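> when you get a sec, could you give me coordinates for this:
(one chain, ligands or ions: 1)
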Amino acid sequence: MTTPIGGKLTNALLYLDGVSVTFDGFKALNSLSLSIDQNEMRAIIGPNGAGKTTMMDVITGKTRPNVGTAVFEGDKDLTRLDEASIAELGIGRKFQTPTVFEMHTVEDNILLALKTDRRPFPVLFSKRTAQERERVDALLERVRLTGSRHRKAGELSHGQKQWLEIGMLLAQEPKLLLVDEPAAGMTDQETADTADLLREIAKTASVVVVEHDMVFVRDLGVKVTCLHEGSVLAEGSLDAVSSNERVIEVYLGR
Ligand SMILES: Nc1ncnc2c1ncn2[C@@H]1O[C@H](COP(=O)(O)OP(=O)(O)OP(=O)(O)O)[C@@H](O)[C@H]1O
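From the prediction side, this is the model:
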């Protein structure tokens, strides 16, 4: 463990140390240690079953580690908080499949996600404040959906639905955004736009992206962590990680 800094365990935004999760005797995470800085974007790669999803589950409180440290902002023990409290701290998670309100318009989806009274009736039928309108406009612009604001979310392309859901998560003003395989099923153009979008988001929040698409990971241009059998196999630039013999052996292939 590091020395406490001003009463905090670490200056990192997210700090995992020695985290293990065992399912029926099988170690899905095996003494995993990982640290994400403020405004850092990190790409997580690794073969199927490496523990990527389980790691996200630990961070969001869905799964409790058997042992280990998981701390947010230096002093918030994620292993003692439930999922709702962790979301409230500012940790947002984007699952692989987009979940938007298909029958509502794009802008109403964003409005529903704003950090205000989120019950559908007051949100959709009460008068919107000028401030809310401004926030919705800014979020739509950010996720490249201004031109589609009046369309039903169900009519959007797969890539646009992913952006809409990212916009809904941004409406919650996360400090850390966890994103699971955002490029899966996207066109090349959508994939490139998504890399741009995530880089923009990383100017104001930290982002952890789990991804198998190496072209996309290269485009992100960030530090990469390769997981294998529940712990970190290699970490560094994509060039360094992808030329690591063990990474080639267990993941990238020859
Ligand atoms: N609830 C569970 N019960 C039993 N085993 C589980 C459970 N969740 C995950 N596992 C096992 O733990 C290991 C790690 O799984 P995990 O889903 O975290 O890997 P992953 O890196 O996300 O893989 P993928 O790339 O396929 O999504 C796998 O072998 C998986 O079968």
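
> which stretches of the stretch 151-254 of the chain form helices?
With DSSP state H, counting those that start in this stretch as the criterion, the stretch 151-254 of the chain has helices at 158-170, 188-201, 214-220, 238-242, 245-247.

> buried deepest among these, which one?
helix 158-170 (a mean of 23; mean count of other Cβ atoms under 10 Å). Backbone N, C-alpha and C define where each C-beta goes, glycine included.

> helices and strands around that helix, which ones?
If you count contacts as 3 or more Cβ pairs under 8 Å, 6 or more residues apart in numbering; DSSP states H and E, helix 158-170 packs onto strand 91-94, helix 106-113, helix 130-142, strand 176-180, helix 188-201.

> could you redo the last one with a cut-off of 6 Å?
Helices and strands touching helix 158-170, as assessed by 3 or more Cβ pairs under 6 Å, 6 or more residues apart in numbering; DSSP states H and E, comprise strand 91-94, helix 106-113.

> tilt between the last one and helix 130-142?
Interaxial angle, helix 106-113 versus helix 130-142 (axes from the mean of the first three to the mean of the last three Cα atoms, to 10 degrees): 120 degrees.

> one step back: of all the helices and strands packed on helix 158-170, which one is nearest the ligand?
For the ligand, the closest of these is strand 91-94, at 13.2 Å, according to Cβ to the nearest ligand atom.

> parallel or antiparallel, which strands does the closest one pair with?
Applying DSSP bridges to the sheet, strand 91-94 is found paired with strand 176-180 (parallel).

> do the strand it pairs with and the ligand meet at all?
No - between strand 176-180 and the ligand, judged by Cβ under 6 Å from any ligand atom, nothing touches; the nearest distance is 8.1 Å.

> okay, the angle between that strand and helix 158-170?
Using the same axes, to 10 degrees: strand 176-180 against helix 158-170 is 160 degrees.

> ok, now which ones touch Ile201?
By Cβ atoms under 6 Å, 6 or more residues apart in numbering, the residues touching Ile201 are Val207.

> pLDDT below threshold where in this structure?
Applying pLDDT under 70 to the chain flags the ranges 1-6, 115-128, 254.

> next to the ligand, which bits of the protein? Give me the list.
23-24, 26, 28, 46, 48-54.

> of all the residues you listed, which two lie farthest apart?
Asp24 and Gly46 (21.3 Å; Cβ to Cβ).

> of those two, who's got more company?
Remark: of Asp24 and Gly46, Gly46 carries more neighbours, 24 against 4, as counted by other Cβ atoms under 10 Å.

> and the gap between the nearest residue to Leu164 once chain neighbours are set aside and Pro182?
Spatially, and ignoring its direct neighbours in sequence, Leu164 is nearest to Val100 (5.1 Å; Cβ to Cβ, 6 or more residues apart in numbering). Distance, Val100 to Pro182, by Cβ to Cβ, to the nearest Å: 14 Å.

> please apply the same query to Ser242.
20 Å.

> skip the chain neighbours and tell me the closest residue to Gly18.
Gly18's closest residue in space is Gly68 (Cβ to Cβ, 6+ apart), at 4.4 Å.

> quick one: strands adjacent to the helix or strand harbouring that neighbour?
Assigned by DSSP states H and E, Gly68 falls within strand 67-72. Partners of strand 67-72 in the sheet, by DSSP bridges, are strand 14-23 (antiparallel), strand 76-77 (antiparallel).
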